[in-house]
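**Student:** Generate coordinates for the sequence data below:
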Amino acid sequence: MTSVNSPAKAVPQRVQPMLFGDTLPDLDTQTGYRGPIACKAAGITYRQLDYWARTGLVEPSIRGAKGSGSQRLYSFRDILVLKVVKRLLDTGVTLQQIRTAITFLHERGVEDLAQITLMSDGASVYECTSPDEVVDLVQGGQGVFGIAVGRVWREVEGSLAQLPTDRASDEDSGVVVDELAKRRAARRAAGA
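**Tutor:** From the prediction side, this is the model:
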């Protein structure tokens, strides 16, 4: 098990199998979800989403905001991380500890991320990559709660299944999406 709070310690990684042998889906890097959809799937408010994006805690990886009228576009992985952050906050982990844990998680590949169980004693966050590590941590009196990221993955996947997606190229190609942006674009075109 690796303390997420001190990611410099290298520990050989063992793979924890997914439940029921499920495989991870291929993720489209051009298709994402707008802020309100990301909020709904992660169980957070839009105010939290906006604050976390502005402070760099969880920024949208597909498309960031480019001024008034533009829409952030969050990837599946971004929403997964948002939900993990929400769970950590709900259990009392400080925002500073969460920032450290999220930085560490961003360094992981998507498949690695789904194999992790995050454990915390309220002060530190630990990464466990096998059932034995979870047991060792709990027996050592360190683990108070755990978050199986693979399970959160499935929850987010279920939440997003019926919700609309957007392509990154839609707005980038000049397609204006909201009414305010349309009016501004019309004013600029009339003044040019």
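**Student:** What ranges does this structure have for its helices?
**Tutor:** 35-42, 46-54, 76-90, 95-106, 110-114, 131-139, 149-160, 168-172, 179-191 (DSSP state H).
**Student:** Remind me what the longest one packs against, helices and strands.
**Tutor:** When you say that, I think you mean helix 76-90. Secondary-structure packing of helix 76-90 (3 or more C-beta pairs under 8 Å, 6 or more residues apart in numbering; DSSP states H and E): strand 31-34, helix 35-42, helix 46-54, helix 95-106, helix 110-114, strand 117-120, strand 145-148, helix 149-160. Quick note: C-beta positions are derived from backbone N, CA and C, even for glycine.
**Student:** Once you drop chain neighbours, what's closest to the residue nearest the centre of the chain?
**Tutor:** The geometric centre of the chain, computed from its C-alpha atoms, lies nearest to residue 81 (C-alpha atoms, centre = their mean), at 1.9 Å. Spatial nearest neighbour of residue 81, chain neighbours left out: residue 58 (5.3 Å); criterion: C-beta to C-beta, 6 or more residues apart in numbering.
**Student:** If you tally nearby residues, what's the number for the one you found?
**Tutor:** Around residue 58 there are 27 other residues, counting by other C-beta atoms under 10 Å.
**Student:** Would you agree it is in contact with residue 84?
**Tutor:** No - here residue 58 does not reach residue 84: they are 9.3 Å apart, not a contact under C-beta atoms under 8 Å.
**Student:** what is in contact with the two at once?
**Tutor:** residue 102 (C-beta atoms under 8 Å, 6 or more residues apart in numbering).
**Student:** quick one on the thing from earlier: ok, of the helices of the chain, where does mean pLDDT dip lowest?
**Tutor:** With a mean of 56, helix 168-172 has the lowest mean pLDDT of those.
**Student:** Contact partners for the nearest residue to residue 148 once chain neighbours are set aside?
**Tutor:** Leaving out its chain neighbours, the residue that sits closest to residue 148 by C-beta to C-beta, 6+ apart is residue 117, at 4.9 Å. Neighbour list for residue 117: 16, 127, 128, 129, 133, 134, 146, 147, 148, 149 [criterion: C-beta under 8 Å, 6+ apart].
**Student:** can you check residue 81 too?
**Tutor:** 58, 102, 105, 106.
**Student:** Looking at these, which one is closest to residue 71?
**Tutor:** Nearest to residue 71 out of the contacts of residue 81 is residue 58 (C-beta to C-beta; 16.1 Å).
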